[in-house]
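*Asks:* Could you look at this predicted model? Sequence included:
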Amino acid sequence: MTPKTVLYSLALLPAALLLAACAAQPAGAPETGSAPVAAEPVAAAPAAAVDSTSVPVSNAAGAETAAGPEAGPALPPGVRRVIFGTSYKPRSATGVPRCSIQVPLDEPPVFDAGAREVAWIAMVDTAVVADLKGTVVGDSGGELAMEPCEIYAVCGSGGACRAQYGAVLRRQDGQPLRPGTYRLEIEVAGQKATLPFEVAAQ
């Protein structure tokens, strides 16, 4: 049977060929001391199974993400950078996992043939972006599992806010993602941007 091409989104999504998954928000607030000077990220929620062959993509990079020249389509206001690559999860001094992409792919993003994971993150200005929706469209060749790749920080009057949006996507059967062209669609306050990427053929 030919795999379905499905839409996987961080926004609400209809059933059938259009599937969605909301990036899970960590249950607890970031660890902080008596003063909210140094913000501690909160661990991301466990992976969620998704019956789709496409995935939504939003990316945000943490401080440990390698810096590089920004390129590609214009991004919505408040979105500083969107990158693709392989997820990296070092632990902070308090043992909290911190999801990031250590070595972002060059523009235009091309994952190697046989890639079993697609990760994206979007770094945002927390004073401007209150919510970001990401959707990846493409045919991955099998059912996908999505794991949030987000970072929360202490901001404003001491409350928690998302400084990074993102997701890590893998096929549930552990097989490589199907080669082809995918696209990440992000939206902030009604303003959208489309960022294409590829999985190379053998």
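*Replies:* Great, that's in hand.

*Asks:* Not counting its neighbours along the chain, what's nearest residue 84?
*Replies:* Of all residues not flanking residue 84 in the chain, residue 109 sits nearest, at 4.1 Å (Cβ to Cβ, 6 or more residues apart in numbering). Just so you know, the C-beta spots here come from the backbone N, C-alpha and C atoms, and that holds for glycine as well.

*Asks:* Tell me how many other residues surround that neighbour.
*Replies:* Counted with other Cβ atoms under 10 Å, residues neighbouring residue 109 total 21.

*Asks:* Residue 77 too?
*Replies:* 12.

*Asks:* Now do the same contact list for it.
*Replies:* 128, 188, 189, 191 (Cβ atoms under 8 Å, 6 or more residues apart in numbering).

*Asks:* so where do the helices sit in this protein?
*Replies:* Counting by DSSP state H, one finds no helices in the chain.

*Asks:* And the closest residue to residue 87 other than its chain neighbours, how far from residue 177?
*Replies:* Leaving aside its chain neighbours, residue 87 sits nearest to residue 119 (4.1 Å; criterion: Cβ to Cβ, 6+ apart). Going from residue 119 to residue 177 by Cβ to Cβ, to the nearest Å gives 12 Å.

*Asks:* that older thread, ok, of the contacts of residue 77, which come out buried?
*Replies:* residue 188 (16 or more other Cβ atoms under 10 Å).

*Asks:* JSON lines for the contacts of residue 77, including pLDDT and distance to residue 100?
*Replies:* Output for those, formatted as JSON lines (pLDDT from 0 to 100; distance: Cβ to Cβ, whole Å):
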{"residue": "128", "pLDDT": "93", "distance to residue 100": "21"}
{"residue": "188", "pLDDT": "95", "distance to residue 100": "21"}
{"residue": "189", "pLDDT": "94", "distance to residue 100": "25"}
{"residue": "191", "pLDDT": "94", "distance to residue 100": "25"}
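
*Asks:* For my notes, please list the contacts of residue 77 in JSON lines and give distance to residue 92 for each entry.
*Replies:* Below are the contacts of residue 77 laid out as JSON lines (distance: Cβ to Cβ, whole Å):
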{"residue": "128", "distance to residue 92": "25"}
{"residue": "188", "distance to residue 92": "27"}
{"residue": "189", "distance to residue 92": "31"}
{"residue": "191", "distance to residue 92": "33"}
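
*Asks:* Please consider this matter closed, and thank you.
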